[in-house]
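J.: next come a sequence and a model predicted from it.
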Amino acid sequence: MALSAGARLLAVDVGTKRVGIARADPLHLFAQAHGTYGPEEALDELEAIADADGIETLVVGWPLTEAGEEGEATEMVDAYIERVQERLPEVPIVRTDERLTSEMAKDALRRAGVKQPGRYDKGRVDAAAAALILQSYLDAEG
């Protein structure tokens, strides 16, 4: 896969049951939720995006503890990163602190007017969390 002018910056929020995916606009200004998938389905989706547009960088939410330490959650995400690297070895992967993104995503959905129970739909929250992870990365990059 060669990078094209349309190569995308993506982020994933990896959970035990679901993976939220977000993608940046071509100018790397804004992150947008792309969807939520089962772990294997997310790998297929990342591969499809890589084939169609290219992936410039994949930003992965790194679930540190509140104390800023690695734990069981980071081990689970690290195992998923290995699976991504097997399928997409040419894609650079960046880990970024994702503490509190799920709570921030719920708050953002509330402020956007999403009514309950949809506001706490885990799939919606995971995709929104991925978008927050990516937006944070974009803001730091710019």
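T.: Yep, it's here. Because the structure is predicted, anything quoted here is derived from the model rather than measured.
J.: would you map the helices across the protein?
T.: For the chain, applying DSSP state H gives helices covering 39-52, 72-87, 101-111, 122-141.
J.: pick the most deeply packed of those.
T.: Burial of the helices of the chain is given as mean neighbour count (mean count of other C-beta atoms under 10 Å); helix 122-141 ranks first at a mean of 21. From N, CA and C alone the C-beta is placed, and that goes for glycine too.
J.: what's the spacing between it and its chain's center?
T.: Remark: helix 122-141 is offset 6 Å from the chain centroid, using C-alpha atoms, centre = their mean, to the nearest Å.
J.: so which elements touch it?
T.: Here helix 122-141 touches strand 8-14, strand 19-24, strand 31-37, strand 55-62, strand 93-97, helix 101-111, going by 3 or more C-beta pairs under 8 Å, 6 or more residues apart in numbering; DSSP states H and E.
J.: looking at those, which is closest to Gln135?
T.: Nearest to Gln135, of all the helices and strands packed on helix 122-141, is strand 31-37, at 4.0 Å by C-beta to C-beta.
J.: each with direction, which strands does that closest one pair with?
T.: Strand pairing for strand 31-37, determined by DSSP bridges: strand 19-24 (antiparallel).
J.: between the strand it pairs with and helix 72-87, how big is the angle?
T.: 70 degrees (axes from the mean of the first three to the mean of the last three C-alpha atoms, to 10 degrees).
J.: how close does Asp51 sit to Glu98?
T.: For Asp51, the distance to Glu98 (C-beta to C-beta, to the nearest Å) stands at 27 Å.
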